[in-house]
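Peer 1: Here is a sequence with its predicted model. Questions after.
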Amino acid sequence: MFYHCPVCHKVSPNAKDLARHIMGTGNKEHRGWIESKCLSFSKLLTAQATSFGDKGYQPLTELLEREAERDEE
Ligand SMILES: [Zn+2]
């Protein structure tokens, strides 16, 4: 199973890695995609900065997993 960044088409075997990529890139295009999915880039960033582990990436990871499943169909 591979996950594709919906913005720049970077490929990763791991949804959490891709979530980290999207947050880490954080440019206008990647932020815009997050916002288009009704998530808030700044909220995710705050959650990630103020918690241990990957809490901030979690909603994005789940979203990428759902999107990848949808693409498989
Ligand atoms: Zn990307």
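Peer 2: Perfect, thanks for sending it. All values derive from a computational prediction rather than experimental measurement.

Peer 1: now stretch 22-31, how far from the centre of its chain.
Peer 2: Between the centre of stretch 22-31 and the centre of its chain there are 9 Å (Cα atoms, centre = their mean, to the nearest Å).

Peer 1: avg pLDDT for it?
Peer 2: The average pLDDT within stretch 22-31 is 96.

Peer 1: For that stretch, buried residues please.
Peer 2: Residues Ile22, Met23, His30, Arg31 are the ones in stretch 22-31 that count as buried (16 or more other Cβ atoms under 10 Å). Bear in mind the C-beta positions are built from the backbone N, C-alpha and C, glycine included.

Peer 1: Leu18 contacts Val7, correct?
Peer 2: No: the criterion here is Cβ atoms under 8 Å, and Leu18 misses it with Val7 at 10.4 Å.

Peer 1: Quick one: name the residues of this protein near the ion.
Peer 2: Applying Cβ under 5 Å from the ion, we find that the chain lies next to the ion at Cys5, Val7, Cys8, Lys10.

Peer 1: Excluding chain neighbours, what is closest to Glu65?
Peer 2: Taking Cβ to Cβ, 6 or more residues apart in numbering, and ignoring the residues beside it in sequence, Glu65 has Ala15 as its nearest neighbour in space, at 4.9 Å.

Peer 1: Contact partners for the one you found?
Peer 2: Tyr3, Thr61, Glu62, Leu64, Glu65, Ala68 (Cβ atoms under 8 Å, 6 or more residues apart in numbering).

Peer 1: So of those, which two are at opposite extremes in space?
Peer 2: Based on Cβ to Cβ, the longest span within the contacts of Ala15 runs between Tyr3 and Glu62 and measures 12.0 Å.

Peer 1: how close does Leu60 get to the ion?
Peer 2: Here Leu60 is placed at a distance of 12 Å from the ion (Cβ to the ion, to the nearest Å).

Peer 1: Need the pLDDT of that residue.
Peer 2: Leu60 carries a pLDDT score of 95 in this model.

Peer 1: Mind jotting down where the strands sit in this protein?
Peer 2: 3-4, 11-12 (DSSP state E).
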